[in-house]
Each structure stands twice: as C-alpha cells, then as structure tokens.
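Trainee: Task: produce atomic coordinates for the following.
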Amino acid sequence: MKRYFTLAFSLLLTASVFAQGGYRIGSKITDFTLKDPSGQSVPLSSFSDAKAVVVVFTSVKCPYSKLYDARLQAISQNYGARGVRFVYVNAAIGLEEGTAPKAQPDQTSTQTFPYLVDEGQNLSKQFGATKAPEVFVLQNSADGFYLRYKGAIDDNPQMESYVKENYLRTALDNVLANKTVTAAEKRATGCLIKRF
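Mentor: A predicted model of the protein is given here:
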C-alpha cells in the first residue's frame, strides 16, 4: 500500500511540474517576435548588442503592476547604462474583459515605457509566466540568450520603503559580473495572467 501511495504521489508531482511549463533556469531561449504600439515587429534577436534582456510580463489593469511602475523605471534607467535592455509585455489578466490586451495603455496611465503585445498569450505560455508583474532575466551569450532568473522583482509589492530583498537587481548584478544567480527563482506576487 505504501508503495502505491509513493508511486501515486510521484506521478502527481511530475504532472504538476509539467503542467507549469515554461523555461527552466539555464534554458536557451527560442527567438521570439512581438509587435510594438506602431505595429513594428520586435524580435529578441534585435537585442544582440545587450548584455542582458529583462522580459517583464505586466498589465496596465493590474494593481500590483501599478505598484511596480516607478521601481521598474528606476531599475531600467540604472541598468540601461550597463547594457541591460527591458522588454515590457502587456499581458491580459483575469480582471480584464475581452480577449486581448492593447499594446499601449490609454492616456490616463502613468506608464512611460512602450509595451509589446503578446497575441494569444503565446509568449507568456512559452516562458511559463503566470503573474503580472513577473520578470525573466536573459543573459546574452555567443549563441543566444539563456534564462538566469525568473520571478518576483523584490520582496514587498506594497511598500517599496520596506523592501529587504531586491531579487531583480541582485540577479542583474550577478549576470553582469558573470556569476551564478544563487536565488534564481522567486515566486512572483501579482495578478493571474489569463489563458485564452
């Protein structure tokens, strides 16, 4: 009986891992192309001059994403001079009506960075992104981009002044120094990304 229980538990655990999908740390990222607000195609390969690319799945409708707007802008500006590029993807979340998010927020939004559109949520499925906001740090190598970190931006979505662990900054510092990211996955807190 104990054997059957152990076997059933192992199968259940394996099934849940496969159901999550997405890239694992160290995986090579398949080139992808998204469209910007003007309809221009933006492939990952267009960032070949960057040392790292941060793919940010976010949403103009998500309260958690709004809490991170200023923080993401500051990180983007700080690390931009060090060769890090940011790609913001406007993902649909469960709070939204309709079938797909817009490429660019409306005029009332405080966002100042351009969004790319994830049509059909294909990229979020490919990456295994489940929350908005959720970040994926890709390190540029001679043969393409590799996933080095995924998950939360820091440890306090509500109050920036109470942040003790800056996961994204730490991961970027490690990647830029060619060091291993020791805490390579941190569970993101945010709005659930809708699947179509």
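
Trainee: Enumerate the positions of stretch 69-76 that are buried.
Mentor: Buried residues in stretch 69-76, counted by 16 or more other CB atoms under 10 Å: 69, 71-72, 75-76. No exception for glycine: its C-beta is placed from N, CA and C like everyone else's.

Trainee: And the residue nearest the centre of this structure?
Mentor: Nearest to the mean C-alpha position of the chain, counting by CA atoms, centre = their mean, stands residue 135 at 2.7 Å.

Trainee: Adding pLDDT and secondary structure, write the buried residues of stretch 69-76 out as CSV.
Mentor: As requested, those are exported to CSV (pLDDT from 0 to 100; DSSP: H, G, I helix; E, B strand; the rest coil):
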residue, pLDDT, secondary structure
69, 92, helix
71, 95, helix
72, 95, helix
75, 96, helix
76, 95, helix
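
Trainee: Surely the residue nearest to the centre of the chain touches residue 56?
Mentor: Yes. Assessed by CB atoms under 8 Å, residue 135 is found in contact with residue 56 at 5.2 Å.

Trainee: and the helix or strand hosting the residue nearest to the centre of the chain, how far from the chain's centre?
Mentor: Residue 135 belongs to strand 134-141 when assigned by DSSP states H and E. Counting by CA atoms, centre = their mean, to the nearest Å, strand 134-141 is centred 8 Å from the centre of its parent chain.

Trainee: got it, and stretch 129-149?
Mentor: Put simply, stretch 129-149 sits 7 Å off its chain's centre (CA atoms, centre = their mean).

Trainee: Flag every buried residue along it.
Mentor: Buried residues in stretch 129-149, defined by neighbour count with 16+ other CB under 10 Å: 129-140, 145-149.

Trainee: quick one: residue 148 from residue 164, how far?
Mentor: Note on residue 148: its distance to residue 164, by CB to CB, to the nearest Å, is 22 Å.

Trainee: oh sorry, the question was meant for residue 46
Mentor: With distances taken as CB to CB, residue 46 is found 36 Å from residue 164.

Trainee: Which of the two has more residues huddled nearby?
Mentor: Neighbours per residue (other CB atoms under 10 Å) separate residue 46 from residue 164, with residue 46 holding more: 14 against 7.

Trainee: quick one: the more buried one is in a helix?
Mentor: Yes. Residue 46 forms part of a helix when assessed by DSSP: H, G, I helix; E, B strand; the rest coil.

Trainee: ok, which stretches of the protein are helices?
Mentor: 2-20, 63-80, 122-127, 167-176 (DSSP state H).

Trainee: neighbouring contacts of the second one?
Mentor: Among residues not part of helix 63-80, those counted as contacts by CB atoms under 8 Å, 6 or more residues apart in numbering are 52, 54, 56, 58-59, 84, 86, 88, 110-113, 131-133, 153-154, 157-158, 160, 168-169, 172, 176, 189-191.

Trainee: can you state the direction angle for it and helix 167-176?
Mentor: 30 degrees (axes from the mean of the first three to the mean of the last three CA atoms, to 10 degrees).

Trainee: Contacts only, for residue 186.
Mentor: The contact partners of residue 186, taken as CB under 8 Å, 6+ apart, are 151-152, 155, 167.
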